[in-house]
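Colleague: With the input below, show me the fold.
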Amino acid sequence: MSTHSRRITAARAYITAQSWRALEGSALLKEILQGPLRGKVAVSSSFGAEAAVLLHLVAEIDPTTPVIFIDTGMLFAETLSYRDTLAQHLGLSNVQTHTPQLQLLSSVDPDGDLHLRDAHGCCQVRKVEPYGQAMRNFDVIITGRKRFHGDARSDLTSAESSGRQIKVNPLANWSAREIEEYFLLKQLPRHPLVDFGYKSIGCAPCTRKLDAGEDVRAGRWCGHAKTECGIHNAPNLEPEKHLVNWS
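Modeller: Predicted coordinates for the structure are as follows:
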């Protein structure tokens, strides 16, 4: 029987998440990556402005951990280059790139302009669906979300259950200053767009640089009542059951 075929129950996910809430950072990652659920764990990374911190912590414990990256087809070229640079720098040997279904894209976004008409729909087809497909067989998903990002992330805990999965946020309590200090301490390479004023980096059409004093995620989906792409909203998303009908 393969490792991924043995799934934990929702009850066990809840109990385990509660037991992990007292941990954070490296201590939490060691518990996960070296504990009984090892092999059923994946890291979710956009390879954005702050991604290097979490990925460095993971690489120090187990550089073979699956790192799931969604290439929406709308990313900055700099992000794709940074993915390769950072993976090589940290020695990450299992970065997995997933893309949207071509048939679905040709049906709902043939001209690549869905983001102009329906930002939520664009995220759904280009990111949420392939993310759900990539993550559905893992029991634990490690993310880089932090409380200081604000909005829906303000009340993050270091671990939370979501159906039969556990979402782990080892950096939930870290501040922007602590992230910066870690970059300097470990001499981590920066995303190329950070020096140009981009502090939170997603798809190119829906990301702008920040003005002085703006919140870190103010440059995402500017002009839309939207602060999240949606990948963390639905528990155990099964893409084939959640396709949006845009016809």
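Colleague: how much space between the residue nearest to residue 199 when sequence neighbours are not counted and residue 192?
Modeller: Among residues not flanking residue 199 along the chain, residue 216 sits closest, at 4.8 Å (C-beta to C-beta, 6 or more residues apart in numbering). To be clear about C-beta, it is placed using only N, CA and C from the backbone, and glycine gets the same treatment. Counting by C-beta to C-beta, to the nearest Å, the gap from residue 216 to residue 192 is 18 Å.
Colleague: same thing with residue 157?
Modeller: Note on residue 157: its distance to residue 192, by C-beta to C-beta, is 32 Å.
Colleague: Touching the biggest helix by length in the chain from outside, list them.
Modeller: The longest helix of the chain (DSSP state H) is helix 77-90. Helix 77-90 is touched from outside by 46-48, 51-52, 55-56, 59, 63, 67, 69, 71, 92, 95, 97, 188-189, 191-193, 201, with contacts defined as C-beta atoms under 8 Å, 6 or more residues apart in numbering.
Colleague: Inside helices: which ones of those?
Modeller: With helices taken from DSSP H, the overlap with these comprises 51-52, 55-56, 59.
Colleague: Quick one: those as CSV, columns for pLDDT too.
Modeller: Shown next, in CSV, are those (pLDDT from 0 to 100):
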residue, pLDDT
51, 97
52, 98
55, 98
56, 98
59, 98
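Colleague: Out of these, which comes closest to residue 232?
Modeller: Nearest to residue 232 among the ones in helices among the contacts of helix 77-90: residue 51, at 15.5 Å, using C-beta to C-beta.
Colleague: so where's this protein uncertain?
Modeller: 1-6, 150, 152, 219, 221-228, 230, 233-247 (pLDDT under 70).
Colleague: What segments of it are helices?
Modeller: Counting by DSSP H, the chain has helices at residues 10-20, 25-33, 51-61, 77-90, 102-108, 114-117, 119-123, 129-135, 176-186.
Colleague: For stretch 39-48, output the C-alpha coordinates as CSV.
Modeller: Below are the C-alpha coordinates for stretch 39-48, written out as CSV (Å, rounded to 0.1, in the frame of the first residue of the first chain):
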residue,chain,number,x,y,z
GLY,A,39,5.9,11.2,3.9
LYS,A,40,2.4,12.6,3.9
VAL,A,41,3.5,16.2,4.1
ALA,A,42,3.8,18.9,1.4
VAL,A,43,4.9,22.5,1.5
SER,A,44,2.8,25.0,-0.4
SER,A,45,4.9,27.8,-1.9
SER,A,46,4.4,30.6,-4.3
PHE,A,47,8.1,31.4,-4.3
GLY,A,48,7.2,35.0,-3.5
